[in-house]
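1. Below are the sequence and a predicted model for it; my questions follow.
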Amino acid sequence: MANNKPFTVEEQIDTMKKYVTFTKRAKMRNFLQYSGYFRASRYGKYLLSYTNVFLMKPSQDVLFALYQFDFELRKVMYEACAKAEIQIKSAISNAVSLKTDGAVFYLDKQNYTPTRSERNKSYRKRNVKFFNNFFSDIQDKEEKMRKDVLKYPELKEYRSGGKRASMNIPSWAAFSYFEFGTIENIYMYLRSDLRKEVLLYSYSRGKYGKKITMQMDTWLNGVRTLRNICAHHSRLVGMQEAIVLSDAEDDTDILLNGEDFFSRLYALKKVMNPKDSEEMKSKLKKIISRAKIDVYQLDILPVDWEDRFDRIKYL
């Protein structure tokens, strides 16, 4: 059936038989009316790839259980991502403000390296072009926050007649409104000394080189992509996203795949504080223990994920 041709729920039910087995249509009808065919079929295709594990086509009960587990998983991960996002926003804002003695450092081009110190000429040119567009964008965002009375009434003090009418919005206020992707780019283009300062301010290792700030880029990107999956209610199990690089301080065998779900746990542990990290692990263990599917059989996590997670060193 053509993907661009609408079809009825009854036709959708028949099509789901490509992925799972069932005899009674009522449960599948209710499921499709709730989740939608496209979302349901993504889970069905994922399960179908494990026919060799089930030794038969999976049942609709397995489909429903996987869908429910993914729902619970997204809740835990979204909460963890929110905590990581708040922490990194605070770290960048506080560390760089103190180092530069500037509350609006994010609007000062002197605090950035547009080339990202890239040696390759074409990459340098690409980075500068991206930075110029990005820098214009954050300038526009800050200006809109000051001027848009309807959307940002709480920022009235920065408008005509306000106590700070002639001032830009300080980073600790602006960052509360900026998307995680904007914060990620701010860190990515900061000068090298400022990038290190963020790590020194927020973490406890005591010394950070250029290499780890580059790895931090991938950890922030890993957290952001995970957050977006959760925020948009996309399928999390079996995800394959942007590569997360491992810390040189960690055992080389911890990450099996820099693009899988466990790699997002790795990135979160690197970015989060220890208390939040352990809380995330505890909540994850709980939903795994009550799941009606075998998360290891379906390669959602490695069997020894707890040991691997514990071996990840904090920054």
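-> That came in fine, so what should we check first? Numbering: from 1, shown residues only.

2. Can you spell out which helices and strands pack onto the lowest-mean-pLDDT helix or strand in the chain?
-> The weakest-scoring helix or strand in the chain, judged by mean pLDDT, DSSP states H and E, is helix 51-54 (a mean of 88). In terms of contacts (3 or more Cβ pairs under 8 Å, 6 or more residues apart in numbering; DSSP states H and E), helix 51-54 is not packed against any helix or strand. All C-beta spots, glycine's among them, are computed from the backbone N, C-alpha and C.

3. which outside residues touch it?
-> The contact list for helix 51-54, computed with Cβ atoms under 8 Å, 6 or more residues apart in numbering, reads 47, 57-58, 62, 297-298.

4. Take it, keep the C-alpha atoms, and write them as PDB.
-> The C-alpha coordinates for helix 51-54 follow below in PDB (Å, rounded to 0.1, in the frame of the first residue of the first chain):
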ATOM      1  CA  THR A  51      12.000 -13.000  14.800                       C
ATOM      2  CA  ASN A  52      15.100 -15.200  15.200                       C
ATOM      3  CA  VAL A  53      15.000 -14.600  18.900                       C
ATOM      4  CA  PHE A  54      11.300 -15.300  19.300                       C
END
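
5. Return the distance of it from the chain's centre.
-> Distance, stretch centre to chain centre, for helix 51-54: 31 Å (Cα atoms, centre = their mean, to the nearest Å).

6. next SSE after that helix?
-> helix 60-100 (DSSP states H and E).

7. That next one - what's its average pLDDT?
-> The pLDDT scores in helix 60-100 average 97.

8. and it, what other elements does it pack with?
-> Looks like helix 60-100 contacts helix 25-35, helix 37-48, helix 171-174, helix 180-189, helix 192-202, helix 210-231, helix 261-271, helix 274-289 (3+ Cβ pairs under 8 Å, 6+ apart).

9. V149 is nearest to which of these?
-> Among these, the nearest to V149 by Cβ to Cβ is helix 171-174 (16.3 Å).

10. List the buried residues of that closest one.
-> By 16 or more other Cβ atoms under 10 Å, the buried positions in helix 171-174 come out as 171, 173-174.
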